[in-house]
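# What would the 3D arrangement of this be:
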Amino acid sequence: MTDAIAPVRELLDRFAGRRVLILGDAMLDHYIWGECGRISPEAPIPVVTVRDESSRLGGAANVAHNVRTLGGEPLLLSVIGQDETARQLRQALEGERIGTEQLVVDPGRPTVRKTRIIARSQQVVRIDRERTDELGGAVLEALSERIAAALERAQAIVISDYGKGVICAPLLERWLERFNLSGLPVCVDPKETHFHSYRGVTVLTPNLGEASFASGTRIRDEATLEAAGRLLLSRLEARHLLITRGEEGMSLFTAGRPRLDIAAVGREVYDVTGAGDTVVGTLALALAAGASMEDATRLANHAAGCVIRELGTSAVTREEILASWIGAGGPDTSLPEPGEGPGATAEHRGRRGVRAAR
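So this is what the prediction gives:
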């Protein structure tokens, strides 16, 4: 087993200090925990007796959290409000040693907050506080200035699109081509609204529902999965497409290669909230560390299997991934040496590409 796990351990060791630019909708996930034993006499709704409350990093902030717990350095770029939720979000980020200096404040926009009421491990209702109109004016300019500075330092890029307004057409028009020309791995967790704007990126990571919507094909079996994946891969001119399939695992599409299906490793699924954040963050770090897309996907699959065992948004650690790999009896993967994977030459090819794009 020692020999079998060595390549995985070596790849995870190479995560240390890798800088990932994370652009997207940062939010605070607020949980109200309680018990439910009766129906309200006022309306046909459950009555929840509150026992506790907690908050966790969500959206792009959760991607940053996963990058940090795996040993990387997240460069989080987002827009928040000037409110109590923003204060709590900053405090939570600083508690995880994630910098907040690159966050742009828009006093007219509330910080995105999702409140989930949980009774006996079951979500009863979710309350969203948000504004989803697109950025513009001084706020867009301020965010662009921060992106330019962070791009000089980054070794991989994540676009975390939750459809809350930060990822918008003006921003993508200004930056996506520059990202693609940078030589860095560009990993996108897409929302249906902008799906077809992400042309030429390294990899998109939609779930089944998002892939079905974007392709216009209801994915219900192997044939429709193959058809939808190939259509999206071709239409978007992406290098890879990774469709996450819940309990069915993941399917990786690469132009000119057979589909790679990877079985899920999570034996107990408590909550899939935030699993997509873990997948895209792990992928980006692995590619920045020189892994092949196939090996990055296998690692991301184990990472997702760890977080879905937890109730609520959570982040994964390298120790948990190693334990998952050992427990599943994972095969010995042929991981590349540093300098061979798609993110390995980023600091050489990437700098030339960024300057040329400007």
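# tell me the strands in the protein, going along the chain?
Remark: strands assigned in the chain by DSSP state E are 19-24, 26-39, 46-59, 73-77, 79-80, 104-105, 112-119, 122-129, 156-160, 186-189, 203-204, 240-244, 250-254, 260-262.
# can you put these in CSV and add mean pLDDT and mean neighbour count?
(C-beta placed from N, C-alpha, C; glycine too.) Converted to CSV, the strands of the chain look like this (pLDDT from 0 to 100; neighbours: other C-beta atoms under 10 Å):
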stretch, mean pLDDT, mean neighbour count
strand 19-24, 98, 28
strand 26-39, 93, 19
strand 46-59, 93, 16
strand 73-77, 98, 26
strand 79-80, 97, 24
strand 104-105, 97, 17
strand 112-119, 94, 21
strand 122-129, 92, 13
strand 156-160, 98, 30
strand 186-189, 97, 28
strand 203-204, 97, 26
strand 240-244, 96, 26
strand 250-254, 96, 23
strand 260-262, 95, 16
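# So for Ala211, which of these sits nearest?
strand 240-244 (4.9 Å; C-beta to C-beta).
# helices or strands up against that closest one?
Under the contact definition 3 or more C-beta pairs under 8 Å, 6 or more residues apart in numbering; DSSP states H and E, strand 240-244 sits against strand 203-204, helix 208-215, helix 222-236, strand 250-254, helix 275-288, helix 293-307.
# and if we set it to 6 Å?
strand 203-204, helix 222-236, strand 250-254 (3 or more C-beta pairs under 6 Å, 6 or more residues apart in numbering; DSSP states H and E).
# and the last one, which strands flank it?
Strand partners for strand 250-254, identified by DSSP bridges, are recorded as strand 240-244 (antiparallel), strand 260-262 (antiparallel).
# Output the strands of the chain as JSON lines; include the columns distance to Leu322.
Shown next, in JSON lines, are the strands of the chain (distance: least, C-beta to C-beta, whole Å):
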{"stretch": "strand 19-24", "distance to Leu322": "20"}
{"stretch": "strand 26-39", "distance to Leu322": "27"}
{"stretch": "strand 46-59", "distance to Leu322": "23"}
{"stretch": "strand 73-77", "distance to Leu322": "21"}
{"stretch": "strand 79-80", "distance to Leu322": "34"}
{"stretch": "strand 104-105", "distance to Leu322": "37"}
{"stretch": "strand 112-119", "distance to Leu322": "30"}
{"stretch": "strand 122-129", "distance to Leu322": "31"}
{"stretch": "strand 156-160", "distance to Leu322": "21"}
{"stretch": "strand 186-189", "distance to Leu322": "22"}
{"stretch": "strand 203-204", "distance to Leu322": "24"}
{"stretch": "strand 240-244", "distance to Leu322": "22"}
{"stretch": "strand 250-254", "distance to Leu322": "19"}
{"stretch": "strand 260-262", "distance to Leu322": "18"}
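# Nearest to Glu319, out of the ones you listed?
Taking those one by one with C-beta to C-beta, strand 73-77 is closest: 18.9 Å.
# Sheet-wise, list the partners of that closest one with their directions.
For strand 73-77, pairing defined by DSSP bridges yields strand 19-24 (parallel).
# So what's the gap between the strand it pairs with and the chain middle?
Put simply, strand 19-24 sits 10 Å off its chain's centre (C-alpha atoms, centre = their mean, to the nearest Å).
# can you state the direction angle for it and helix 275-288?
Between strand 19-24 and helix 275-288, the angle comes out at 150 degrees (axes from the mean of the first three to the mean of the last three C-alpha atoms, to 10 degrees).
# could I get strand 19-24 in PDB with only the CA atoms?
Extracted in PDB, the C-alpha atoms of strand 19-24 (Å, rounded to 0.1, in the frame of the first residue of the first chain):
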ATOM      1  CA  ARG A  19      -1.500  30.300  -5.700                       C
ATOM      2  CA  VAL A  20      -5.000  30.000  -7.100                       C
ATOM      3  CA  LEU A  21      -6.900  33.100  -8.300                       C
ATOM      4  CA  ILE A  22     -10.600  32.600  -7.300                       C
ATOM      5  CA  LEU A  23     -13.100  34.900  -8.900                       C
ATOM      6  CA  GLY A  24     -16.800  34.700  -8.200                       C
END
